[in-house]
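A.B. asks: Please work out how this folds:
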Amino acid sequence: YLSEIIDFMNSNIKQILGIIANSPQGIAIYDNADLNIRFANPAMLSVWDKSTDIIGQGFAEVFPNFTEQGFTDLLLNVWHSGVTYRATAYPAEISIGGITETKYFDFEYQAILDKDGNTVAILHTSTDVTARKKALQLLEEKDSLMSFNKELELLTSNLSHDLKNPLGVIKMGAQFMRSKTNMPSTEIHKWCDAILASIGSMESILNHTLR
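C.D. replies: Below you'll find the model as predicted:
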């Protein structure tokens, strides 16, 4: 009976490991305070651009670039505090085939605790959300451009409306003076003052719009 139980447990463990290994989500396990990489499924190895040769090595040793980006410190903090760390669309500089690019990840460093509350392992799960992040950025850029265009249309409409009155005064004054051959100088000065005032108003409107 005991052997049947053991066989059943072993079968379940193998099944669980098979599911983890085939998961599209990156999964890794660190099993000591030195962040020894005990396990990494193919999805995680692909993200890291590494082979199974890194199993049994320390995270900081294998990934000095991640240490520079602060990920080692995050893991150590989880190990010593026992508090799980989660991040959404977090940027990371990833080098694949010698080419470094910024990618974004939803990830979790889950502290696995014993009955006394001490950390015995960290379960690291990670999902590449770069495509989602870039799509959202593109939508935000489009929304920003649409908003700018609406503001520009409103500005143009207001400018057109504000300039109609002074332009009308200038046009009317010029036409009136051209139609009068013997206009008194006082009348000419009056219309010139009105035209100059309208020009000054237009300059003020344009300067305000430019600001």
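A.B. asks: CA only for contacts and neighbour counts going forward, please
C.D. replies: Noted.
A.B. asks: Which parts of the protein are strands?
C.D. replies: Under the criterion DSSP state E, strands of the chain are mapped to 26-30, 37-40, 85-96, 99-113, 119-128.
A.B. asks: strand partners of the last one, parallel vs antiparallel please.
C.D. replies: Spelled out, that is strand 119-128. Using DSSP bridges, strand 119-128 pairs in its sheet with strand 26-30 (antiparallel), strand 99-113 (antiparallel).
A.B. asks: could the strands of the chain be laid out in CSV, adding distance to residue 62?
C.D. replies: Formatted as CSV, these follow (distance: least, Cα to Cα, whole Å):
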stretch, distance to residue 62
strand 26-30, 13
strand 37-40, 9
strand 85-96, 13
strand 99-113, 16
strand 119-128, 16
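A.B. asks: Helices of this structure, start to end?
C.D. replies: Applying DSSP state H to the chain gives helices spanning 2-21, 42-48, 59-62, 64-68, 71-81, 130-179, 185-210.
A.B. asks: Comparing the strands of the chain, which comes out most buried?
C.D. replies: strand 26-30 (a mean of 23; mean count of other Cα atoms under 10 Å).
A.B. asks: List every C-alpha atom in that one, with coordinates, as CSV.
C.D. replies: Taking C-alpha atoms only, strand 26-30 is exported to CSV below (Å, rounded to 0.1, in the frame of the first residue of the first chain):
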residue,chain,number,x,y,z
GLY,A,26,8.7,31.6,-17.7
ILE,A,27,9.2,29.8,-14.3
ALA,A,28,12.4,29.5,-12.2
ILE,A,29,13.1,28.5,-8.7
TYR,A,30,16.0,29.8,-6.4
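A.B. asks: what is the rounded mean pLDDT of that strand?
C.D. replies: Throughout strand 26-30, pLDDT has a mean value of 93.
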